[in-house]
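Participant: Can you look at this prediction? I've put the sequence above it.
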Amino acid sequence: QNTTMSATSGYEDEYDPAWEALKATVKPSDPSTLDWNENIESCPLFMMEMKDDNEDIQALQSLVNDATAEEHIENFKDQGNNFFKRAQKDPKFYKDALDMYSQAILLIERNRYHRSETFAQPADSTNKTSSSSSSSSSPSSSLSSSLPLSSTTPSATSASTPSPSSVQQQQQQQQQEAVSSSNPPNGDANKQLETDAVVDAAQLKKLDDLRIMISSIYSNRAAVHLSLQNYGKVVEDCERAILLNRKNIKAYYRAAKAANALEKFHTALKWCSEGLQIDSKNKEVAQEANIAAKGVEDIKKKDEDNVRRQRKEAADQEHHNRVQTNHTMMASRGMAVGGMDLAICNFGMYFNVDNPPDVYKDYNDQLHFPVVFLYPETSQSDFLDDVDEADTIGDHLARMFPSRDPLLNKEYGATAPLWDHEGKYLLENLEVYFVSYWTTPTTLPESRHIPAGDIQRKLVRVKHTTSLGTILRHQSYIIPFYPVFYIVANPSKFRDTFLAQPRDSINMEKQLQTAKRVKEEKQ
């Protein structure tokens, strides 16, 4: 076989001996005018270009124009279905499917088939009387006004079809003419009613079939939009489909799936609930319902977490503002305040972090502080949440530890702590210390001077009779967020070892510069 390429058509021309022999048997009336290729290409099936003056083309166009609107719509629907099937293997056909469904919907909207009232059935189509048969508001005339089933519809690009109202007038006129031309005898009245009932039932069925088909077209276009992730348009088409056919379970499923994709889980649950009322065993709708329910639960949990986070942030900010106010107030009284030192936590200090106590000022203009007592020998601690700055350290120790003085024991009723197994923590044996320059100050009074260079930290002993306010104004005392004191018993070997331990040094100037730089970077 010889294979050549046609320069005009771009397709391969294969030599077929049988075809050539068939061509040779043709005997035209005028061989001089015979052009085989021209005659072949005059057939619409083999045309490379559409020729409007061709008789065959005109005949086919006439058939198309003679088709009803419903036939055009169904044709576009079938083409859209075919393209959608092909798109499962090649996504480029989604656009073609979308075009076909849209052409069908364009005709639907031109004929007002997309309106639910178009398909409104008569209120009483079964209880028909002889008087209603002669009335102009019979079910058949109502049906005719609802749907122009016999109207002819041009292609999607031609002029619009007659409106349902004009068709209604034509059919009413035809009905009146038929009634006036033939007046059946009274004996044939029942037979005429039976005939009318059969016609009405057939038209109602045709009307219902058309409604279901149009609903499926909207639902099918929604399926294309769903594949293209046009979720908003999916919901729009599904709403129209459901409005026309409440039993279109695929429309409920696609609407729910699109709503889930948009994270509109409450809307998706609504679609699923309505869909499952129609088909309670539908697995696809049930699956989307589970997704929507989980989404709703996740959103609820996220909202609750956000509320808790916002409340905590508000509480933290409020506490921060109070702390800043308190630190400013303490600085005005000659007290230096710094951050909490990690060493405090090494002794098991505990207090409610979610609601830490604050420094406050009473009506006598006296400051009240939370105070921490650390017992390094036993790794124990006490947290005093309210100590007046005028109180002495001895005032509180007398309430916490027994004394050799019976009068004090009787007055305060103090007993030995459970962890004092040797009974050596008596009031008279207790020595109180603080660490100088324990932490870097964040708030420093103007009167306070920080020594230059390295500063050797040391333990500074506090008398029982010294007030808390006096201690906190000491030149070397920097409050580590809360006032903290070490308590040791004397005499004891631990006390001697504890006091002999070397303390590290600190360069307060460098610490302040670093803290300032970090603060500026955060801002």
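Facilitator: Yep, that arrived.
Participant: I'd like the next helix or strand past the host helix or strand of Gly275.
Facilitator: Secondary structure assignment for Gly275, by DSSP states H and E: helix 265-278. Next along the chain after helix 265-278, taking DSSP H and E as the criterion, comes helix 283-331.
Participant: so where is the stretch 1-150 of the chain shaky, pLDDT-wise?
Facilitator: Applying pLDDT under 70 to the stretch 1-150 of the chain flags residues 1-16, 18-52, 55-67, 113-150.
Participant: same deal with the chain?
Facilitator: 1-16, 18-52, 55-67, 113-199, 340-356, 511, 515, 518-519, 522-523.
Participant: Would you map the strands across it?
Facilitator: Shown for the chain, the strands assigned by DSSP state E span residues 3-5, 12-14, 336-338, 360-361, 367-375, 380-388, 430-435, 441-443, 454-456, 459-462, 478-480, 484-489, 505-507.
Participant: quick one: which of those strands is nearest Ala289?
Facilitator: Of all the strands of the chain, it is strand 380-388 that lies closest to Ala289, at 53.3 Å by CB to CB. Backbone N, C-alpha and C define where each C-beta goes, glycine included.
Participant: The closest one pairs with which strands?
Facilitator: Paired strands of strand 380-388, with direction, are strand 367-375 (antiparallel) (DSSP bridges).
Participant: Just the CA atoms of the partner strand, as PDB, please.
Facilitator: The C-alpha trace of strand 367-375 is given here as PDB (Å, rounded to 0.1, in the frame of the first residue of the first chain):
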ATOM      1  CA  LEU A 367       3.700  48.200 101.100                       C
ATOM      2  CA  HIS A 368       2.900  44.500 101.500                       C
ATOM      3  CA  PHE A 369       5.200  41.800 100.000                       C
ATOM      4  CA  PRO A 370       5.100  38.100  99.300                       C
ATOM      5  CA  VAL A 371       8.300  36.700 101.000                       C
ATOM      6  CA  VAL A 372      10.200  33.500 100.500                       C
ATOM      7  CA  PHE A 373      12.100  31.700 103.300                       C
ATOM      8  CA  LEU A 374      14.500  29.000 102.100                       C
ATOM      9  CA  TYR A 375      16.000  26.300 104.300                       C
END
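Participant: now the angle from that strand to strand 430-435?
Facilitator: Relative orientation of strand 367-375 versus strand 430-435 (axes from the mean of the first three to the mean of the last three CA atoms, to 10 degrees): 110 degrees.
Participant: what does strand 367-375 contact?
Facilitator: 329-330, 333, 344, 347, 349, 351, 356-362, 380-389, 396, 400, 419, 425, 468-469, 472, 482-488 (CB atoms under 8 Å, 6 or more residues apart in numbering).
Participant: filter those to the buried ones?
Facilitator: Among the contacts of strand 367-375, those classed as buried by 16 or more other CB atoms under 10 Å are 329-330, 344, 347, 349, 359, 380-381, 384, 387-389, 396, 400, 425, 468-469, 472, 482-488.
Participant: Redo the strands of the chain as CSV? Include distance to Ala255.
Facilitator: Shown next, in CSV, are these (distance: least, CB to CB, whole Å):
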stretch, distance to Ala255
strand 3-5, 52
strand 12-14, 49
strand 336-338, 62
strand 360-361, 60
strand 367-375, 60
strand 380-388, 60
strand 430-435, 70
strand 441-443, 59
strand 454-456, 73
strand 459-462, 76
strand 478-480, 62
strand 484-489, 65
strand 505-507, 69
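Participant: Indicate which one of these is closest to Glu520.
Facilitator: Evaluated over the strands of the chain, closeness to Glu520 peaks at strand 441-443, with 13.9 Å, by CB to CB.
Participant: Each with direction, which strands does that closest one pair with?
Facilitator: Strand 441-443 sits in its sheet next to strand 336-338 (antiparallel), going by DSSP bridges.
Participant: which residues are contacting the partner strand?
Facilitator: Contacts of strand 336-338 (CB under 8 Å, 6+ apart): 327, 330-331, 438-445, 448, 477-481.
Participant: Stretch 490-507 now?
Facilitator: With CB under 8 Å, 6+ apart, stretch 490-507 has contacts from 376-377, 424, 429-431, 435, 437, 440, 453-459, 486, 488-489.
Participant: Of these, keep whichever come out buried.
Facilitator: Among the contacts of stretch 490-507, those that count as buried by neighbour count (16+ other CB under 10 Å) are 376-377, 429-431, 435, 437, 440, 455, 459, 486, 488-489.
Participant: From those, pick the one nearest Lys294.
Facilitator: Thr440 (49.8 Å).
Participant: how near is the closest one to Ser505?
Facilitator: Using CB to CB, to the nearest Å, we find Thr440 at a distance of 13 Å from Ser505.
Participant: mind listing what Asp99 touches?
Facilitator: Gly80.
Participant: what about it, distance to Ser215?
Facilitator: Distance, Asp99 to Ser215, using CB to CB: 20 Å.
Participant: repeat for Thr325
Facilitator: For Thr325 relative to Ser215 (CB to CB), the value is 68 Å.
Participant: neighbour-wise, which of those two wins?
Facilitator: Counted by other CB atoms under 10 Å, Thr325 and Ser215 do not tie: Ser215 has more neighbours, with 24 against 12.
Participant: mind pulling up the phi and psi values for the closest residue to Arg473 other than its chain neighbours?
Facilitator: Nearest non-adjacent residue to Arg473, counting by CB to CB, 6 or more residues apart in numbering: Gly334, 4.6 Å away. Dihedral pair for Gly334: phi 80, psi 20, per degrees, to the nearest 10.
Participant: Quick check, Gly334 in contact with Ser447.
Facilitator: Yes: if you go by CB atoms under 8 Å, Gly334 and Ser447 touch, sitting 5.7 Å apart.
Participant: ok, back up a step: for the buried ones among the contacts of stretch 490-507, which one is nearest Val235?
Facilitator: Among the buried ones among the contacts of stretch 490-507, Thr440 lies closest to Val235 (CB to CB), at 60.3 Å.
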